[in-house]
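Engineer: below is the sequence, then the predicted model.
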Number of protein chains: 2
Amino acid sequence: MSHPKVSAAIHTPPTFWYVLNATSKLYVQRFEERARELGLTLPQCKALVYLSRCQGISQVELAGSAEIDPMSMVRILDRMELDGWVERRAHPNDRRARRLYLKPSSKPLLEAIDRIASATHDEAFAGFAQQEVNLLMAGLEKVRHNIASLEPLTEPVDAAPRKKTARTRTPE
Amino acid sequence: MSHPKVSAAIHTPPTFWYVLNATSKLYVQRFEERARELGLTLPQCKALVYLSRCQGISQVELAGSAEIDPMSMVRILDRMELDGWVERRAHPNDRRARRLYLKPSSKPLLEAIDRIASATHDEAFAGFAQQEVNLLMAGLEKVRHNIASLEPLTEPVDAAPRKKTARTRTPE
DNA sequence: GGCACATAATAACAGTTGATATTATATGCA
DNA sequence: TGCATATAATATCAACTGTTATTATGTGCC
């Protein structure tokens, strides 16, 4: 991510989505900058943390609670199993499913993740009163709730099925 | 993005980065859900909007002001030039550079983007007083500023150069 | 029991993104 | 002038993500 330092270009008053995105991206970047020392990406960290809270669950369950796409979860687990942090055991009653467990070796990792998360949080909220933090989170939650409870855009279901990747569109 | 509806898994109190990310992602998703009807992705919209504010700039400049990676910008412009929204003209004094211009056909597009942005904004802030919105943005800006002004993590510059992609890491 | 259908995990593939290398040109300085 | 270095744009390649298809099971109903 090597942007040439922002030039003397016009800077219009930042819109909400701009600030929201920029902040989110920065925050993740900072987190991953630290997590890189552990050889972990954010999704991996998420998987580890969520798994630590309810070991023995299946992959779909973990994917569901960590809000990660099941297919991505497979790949994350492949990597982490290889790295020796996680174990996939057979499920006693369901031969399709696998029960997930953390290997003891992952303990220090989880602690490190915790430290990293705190450190990032502290950096982000330097100079904030606790109440401000709560307010900010509450606001974001409200926005999130607003969007989450919207209908999926009724989609005109028009004759021409559109490609999912944004593509050439001839203006009629 | 087809998660199986979040299972009965334990749900710990949401942390800040969780809420921040989730909100940001949802917001973008909602925006792109609408923008898809125009055949545009969010980066494309960004490029168009920023370009509209200072036509005649070069690609690096646009990349800089829109905070998009220059290489990504190339690809975005390739597509949009093809689609006939944007023009690359030779730069009079610098034969390496190209000056960017919007083609007239992009005008309705820009208007549509504007409408979409407003619509999304309105959905997100349903039930907010203007003051709340301002407060929320101010909070985010503060966080953003906090992180943005951090040193790049002094990187221990340790002997072993680490791969940038999170990879197997044998615990010593 | 056996058939229709759902589900867990994974494979295969396509599209996108990010990092580095390449090419042409500019710029500063000896 | 001529060489070292910087820069704009782009090509190339590897990693990652998302989508759909595949395989092995499980579940309910007749």
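Structural biologist: Received, thanks.

Engineer: hey, where'd the helices end up in chain A?
Structural biologist: If DSSP state H is used as the criterion, the helices of chain A fall at A:16-35, A:42-53, A:59-66, A:70-82, A:107-124, A:130-148.

Engineer: anything in the fourth one near chain B?
Structural biologist: So that's helix A:70-82. Yes - Helix A:70-82 is in contact with chain B by CB under 8 Å from any CB of the partner chain, via A:70, A:79, A:82. (Glycine included, C-beta is placed from N, CA and C.)

Engineer: out of the residues you listed, who's the most crowded?
Structural biologist: residue A:79 (20 neighbours; other CB atoms under 10 Å in any protein chain shown).

Engineer: from DNA strand C, how far off is it?
Structural biologist: 11 Å (CB to the nearest atom of the strand, to the nearest Å).

Engineer: from chain A, which residue is nearest to DNA strand D?
Structural biologist: Nearest residue of chain A to DNA strand D (CB to the nearest atom of the strand) works out as residue A:95 at 3.3 Å.

Engineer: how many residues are close by that residue?
Structural biologist: There are 8 residues near residue A:95, going by other CB under 10 Å.

Engineer: most tightly surrounded among the helices of chain A?
Structural biologist: helix A:59-66 (a mean of 22; mean count of other CB atoms under 10 Å in any protein chain shown).

Engineer: was I right about residue A:117 contacting residue B:15?
Structural biologist: Yes - Residue A:117 lies in contact with residue B:15 (CB atoms under 8 Å); the separation is 7.2 Å.

Engineer: show me where pLDDT drops low in chain A?
Structural biologist: A:1-13, A:154-172 (pLDDT under 70).

Engineer: how about the residues of it near DNA strand D?
Structural biologist: Within chain A, the positions lying close to DNA strand D (CB under 7 Å from any atom of the strand) are A:4, A:41, A:43, A:69, A:71-72, A:75, A:93-96, A:164.

Engineer: that older thread, out of the helices of chain A, which is closest to residue B:54?
Structural biologist: helix A:16-35 (16.4 Å; CB to CB).

Engineer: other SSEs contacting the closest one?
Structural biologist: Helix A:16-35 makes packing contacts with helix A:42-53, helix A:107-124, helix B:16-35, helix B:107-124, helix B:130-148 when contacts are defined by 3 or more CB pairs under 8 Å, 6 or more residues apart in numbering or on different chains; DSSP states H and E.

Engineer: just the closest residue of chain A to DNA strand C, please.
Structural biologist: residue A:59 (3.0 Å).

Engineer: before we move on, the earlier item: turn the helices of chain A into a markdown table, columns for distance to residue B:131.
Structural biologist: Output for the helices of chain A, formatted as a markdown table (distance: least, CB to CB, whole Å):
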| stretch | distance to residue B:131 |
| --- | --- |
| helix A:16-35 | 14 |
| helix A:42-53 | 33 |
| helix A:59-66 | 35 |
| helix A:70-82 | 40 |
| helix A:107-124 | 23 |
| helix A:130-148 | 11 |
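
Engineer: tell me who's in contact with the residue nearest to the spatial centre of chain A.
Structural biologist: Nearest to the geometric centre of chain A sits residue A:43, at 5.7 Å (CA atoms, centre = their mean). Residue A:43 sits next to A:68, A:72, A:76 when contact means CB atoms under 8 Å, 6 or more residues apart in numbering or on different chains.
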